[in-house]
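Peer 1: here is my input, please return the structure:
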Amino acid sequence: MEVLLFSTSVLIDYRNATKVSNITNIVAIAGISDTGYALDSSGHVWSWGYGQQGQLGNGTTTASQLTPVQVSNISNIIAIAGGTSFYALDSSGKVWAWGDNTSGQLGNGTYTTALTPVQVSNISGIVSIAGGYLAGYALNSSGQIWSWGKNNIAQLGTGTTNDSNIPVQVLQSGWTVPLP
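Peer 2: Numbering: from 1, shown residues only. You can find the predicted model right below:
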């Protein structure tokens with residue numbers, strides 16, 4: 001399977017797509033703002049594009065990474081998700097995050113940008129992940145939803161508008177999440 005990169009124009013002309021080189025056996029793709037990501041069948045994550053805030057996940061702050069580079073220090077990844085920062089889920093149910101962390105959206109108890117993946121704190125048994133604007137989200141195997149990061153408009157679902165740099169459980173009153 002080939003990965004094609006389209007322009008960011010409102011009207012996408014598939015005839016002008018550019019093949020992303022140097023990566024094969026891609027099973028998932030995602031993106032954040034100006035950075036692209038791909039997950040290969042062996043569980044490795046690849047990134048390219050803008051990386052000045054650690055978005056590439058390879059330990060650099062490259063302004064324009066022209067070809068894909070492998071994200072460092074993670075393996076056995078089964079899912080990827082983008083928000084303002086980037087997230088990966090490994091086969092053991094751990095969540096990894098990297099990039100900008102100004103609002104605690106990496107979920108590791110700090111507000112420090114990470115140039116390589118850091119483990120999201122205090123959650124396990126995760127089966128699904130998502131990223132939002134300055135926030136991350138995870139669903140565990142018991143159906144509990146966790147969130148972390150910016151919370152100025154209650155996007156963490158905790159009943160407050162307090163930011164959190166560690167995962168907090170989303171309030172779930174009277175509803176359940178069906179698991180696959």
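Peer 1: distance between the ends of stretch 154-169?
Peer 2: The first and final residues of stretch 154-169 sit 13 Å from each other (CA to CA, to the nearest Å).
Peer 1: mind listing residues that contact it?
Peer 2: 101, 103-104, 106-111, 120-123, 132-133, 135-136, 138, 144-153, 170-171 (CB atoms under 8 Å, 6 or more residues apart in numbering). C-beta: built from backbone N, CA, C; applies to glycine.
Peer 1: cool, and stretch 108-126?
Peer 2: 53-54, 57-61, 71-74, 87-89, 93-104, 106-107, 136, 138-142, 146, 148, 165-167.
Peer 1: among these, which ones are in strands?
Peer 2: 87-89, 95-99, 136, 138-140, 146, 148, 165-167 (DSSP state E).
Peer 1: next structured bit after the helix or strand of the chain with the lowest mean pLDDT?
Peer 2: Lowest on mean pLDDT, DSSP states H and E among the helices and strands of the chain sits strand 4-5, with a mean of 47. Note on strand 4-5: by DSSP states H and E, the next helix or strand toward the C-terminus is strand 18-19.
Peer 1: how far off centre is that next one?
Peer 2: Distance of strand 18-19 from the chain centroid (CA atoms, centre = their mean, to the nearest Å) equals 23 Å.
Peer 1: what packs against that strand?
Peer 2: strand 4-5 (3 or more CB pairs under 8 Å, 6 or more residues apart in numbering; DSSP states H and E).
Peer 1: and the residue nearest to V127 when sequence neighbours are not counted, what pLDDT?
Peer 2: Excluding the flanking residues, the one nearest V127 by CB to CB, 6 or more residues apart in numbering is S141, at 5.3 Å. S141 is assigned a predicted lDDT (pLDDT) of 95.
Peer 1: I129: which element?
Peer 2: I129 belongs to strand 126-132, assigned by DSSP H and E.
Peer 1: tell me which strands that strand pairs with, and in which orientation.
Peer 2: Applying DSSP bridges to the sheet, strand 126-132 is found paired with strand 135-140 (antiparallel).
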